[in-house]
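> Structure, please.
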Amino acid sequence: MMRNMLSLVVGSLFVISTSLATAAEDIVDKAVAAGNFTTLVTAIKAAGLVDTLKGKGPFTVFAPTDDAFAKVPKADLDALLKDKEKLKSVLTYHVVPAKVLAKDVKAGDVPTVNGKPLKVTTNYGVKVNNAKVIATDVEASNGVIHAIDTVLFP
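Sure thing, here's the model as predicted:
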């Protein structure tokens with residue numbers, strides 16, 4: 001009985017410490033850890049936005065997956081990655097300056113860090129402009145990530 005209680009306590013401490021470590025990860029750390037946002041992380045680095053997205057926030061990032069970036073013609077993506085100002089404009093168009101969980105999403109125009117609003121619709125699932133939200137509520141210490149299937153252009 002004592003051994004079972006000790007195992008339970010040790011297991012609980014492991015779960016708590018793992019949860020605390022996970023909660024301390026910011027949006028960039030979460031995107032890296034997810035493994036399906038490698039192009040996005042490369043773009044964030046190329047645009048010089050790492051420190052911003054590791055900042056206090058809160059942010060909601062509608063994050064295009066690697067599959068979403070694969071839809072962009074290679075020549076266009078390569079050109080975008082070389083044009084820091086245009087890249088910043090595109091990436092900040094994916095960022096809302098607030099933490100918005102899936103349960104709080106409402107249809108309408110949503111302001112972005114870029115300054116141009118996103119159009120959110122909630123009929124037959126959530127869409128942001130023409131992109132489908134395919135995964136929600138990847139919580140980070142400074143906000144939340146929602147994965148989308150298409151790169152958004154302002």
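
> Scan the chain for its longest strand.
strand 131-140 (DSSP state E).

> And that one, what's buried?
Buried residues in strand 131-140, counting neighbours by 16 or more other Cβ atoms under 10 Å, are found at Ala131, Val133, Thr136, Val138, Glu139, Ala140. Placement of C-beta: from N, CA and C, glycine included.

> separation between the residue nearest to the fourth one when sequence neighbours are not counted and Ala135?
Of all residues not flanking Val138 in the chain, Ile145 sits nearest, at 4.0 Å (Cβ to Cβ, 6 or more residues apart in numbering). Between Ile145 and Ala135 the distance is 8 Å, computed by Cβ to Cβ, to the nearest Å.

> Would you map the helices across the protein?
2-23, 27-34, 38-47, 50-53, 66-70, 74-82, 84-92 (DSSP state H).

> residues making contact with the fifth one?
Residues from elsewhere that reach helix 66-70, judged by Cβ atoms under 8 Å, 6 or more residues apart in numbering: Asn36, Phe37, Thr38, Thr39, Leu40, Ala43, Leu77, Ala131, Ile148, Asp149, Thr150, Val151.

> and the third one, how many residues sit next to it?
Burial measure for Thr38: 14 neighbouring residues, criterion other Cβ atoms under 10 Å.

> Just the buried residues of the contacts of helix 66-70.
Phe37, Thr39, Leu40, Ala43, Leu77, Ala131, Ile148, Asp149, Thr150, Val151.

> can you pull the contacts of the last one?
To tie it back to what came earlier, the one meant is Val151. Neighbours of Val151 in contact, by Cβ under 8 Å, 6+ apart: Pro64, Ala68, Phe69, Lys71, Val72, Val90, Ala131.

> Out of those, which is nearest to Tyr124?
Nearest to Tyr124 among these: Ala131, at 13.8 Å, using Cβ to Cβ.

> I'd assumed Ile27 was in contact with Leu53.
Yes: the pair Leu53 / Ile27 is scored as a contact, 4.9 Å apart, by Cβ atoms under 8 Å.

> which neighbours do these two share?
Phe59, Val61, Asn142.
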